[in-house]
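J.: Next input, structure requested:
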Amino acid sequence: MILLIQNILLFMRKVKSLEKNLAFVDGQNLYRGTTLTSPKWKVDLSKFRKYLTEKYKVQKAYYFLGFLDEENQNLYDKIQESGFIIKFREHNSAMIGKKKGNVDSDIIFDIMKRIYKKESFDKIVLVSGDGDYKMLVDFLIEENRFKKILFPNKEFASSLYKKITRVYFDYLINIKHLIEKK
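T.: Residues are numbered from 1 along each chain as shown. Below you'll find the predicted structure:
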């Protein structure tokens, strides 16, 4: 009997390690939620990407940014070298600099398109505190396709998420010691 239980536990660990999860990072929300708040700190993107892989079995991580600016090429290189796939919001070139690079709808559409096309993945990890994702989070939980939302900052985590259970969210400040840029 004990051997059977041990084999079942071993099998469950193997299955869990075979998870194929995707992460979606709202880049502006991550940046503003860590570097522009108190206490200010910076995320080491390489450490963060490794954390997402090890903790949440994230195979692909998408980092959404407002718009492409050639002056930020070093930042884009660093994001990609850290293992993220960059996705830029499409803008009319005349509007760049005149409006916020809001990526919420891009992330929501990207996730829903993957579900609609029956893309092979298990669950979603979302990095943002923005309440605009609440309906998506509820839907993903209902469909058993949601792993976790990671809030960059406790203060700016939308109050809309107060009804989801702790199993579905965490704060980056809780793992700061693992992902902080020294």
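
J.: so where's this structure shaky on pLDDT?
T.: 1, 3-4, 6-17, 90-101 (pLDDT under 70).

J.: can you give me the helices in it?
T.: Here the chain has its helices, by DSSP state H, at 2-17, 27-35, 45-56, 73-81, 104-116, 134-142, 176-179.

J.: among those helices, which is the most enclosed?
T.: A comparison of these by mean neighbour count, using mean count of other Cβ atoms under 10 Å, puts helix 27-35 on top with a mean of 20. C-betas here are computed from N, CA, C, even on glycine.

J.: who does it touch, helix- and strand-wise?
T.: Helix 27-35 sits against strand 58-65, with contacts defined as 3 or more Cβ pairs under 8 Å, 6 or more residues apart in numbering; DSSP states H and E.

J.: Go ahead and measure how far the strand it packs on is from the middle of the chain.
T.: Here strand 58-65 is found 7 Å from its chain centre; the criterion is Cα atoms, centre = their mean, to the nearest Å.

J.: For Ser158, which of the helices of the chain is the nearest?
T.: helix 134-142 (6.8 Å; Cβ to Cβ).

J.: And for that closest one, what's in contact with it?
T.: 108, 111-112, 123-124, 126, 146, 149, 158, 160-161, 164, 168 (Cβ atoms under 8 Å, 6 or more residues apart in numbering).

J.: Could you turn the buried ones of those residues into a ChimeraX selection?
T.: Selecting only the buried entries of the contacts of helix 134-142 in ChimeraX, with 16 or more other Cβ atoms under 10 Å as the criterion:
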select :108,111,123,124,126,146,149,161
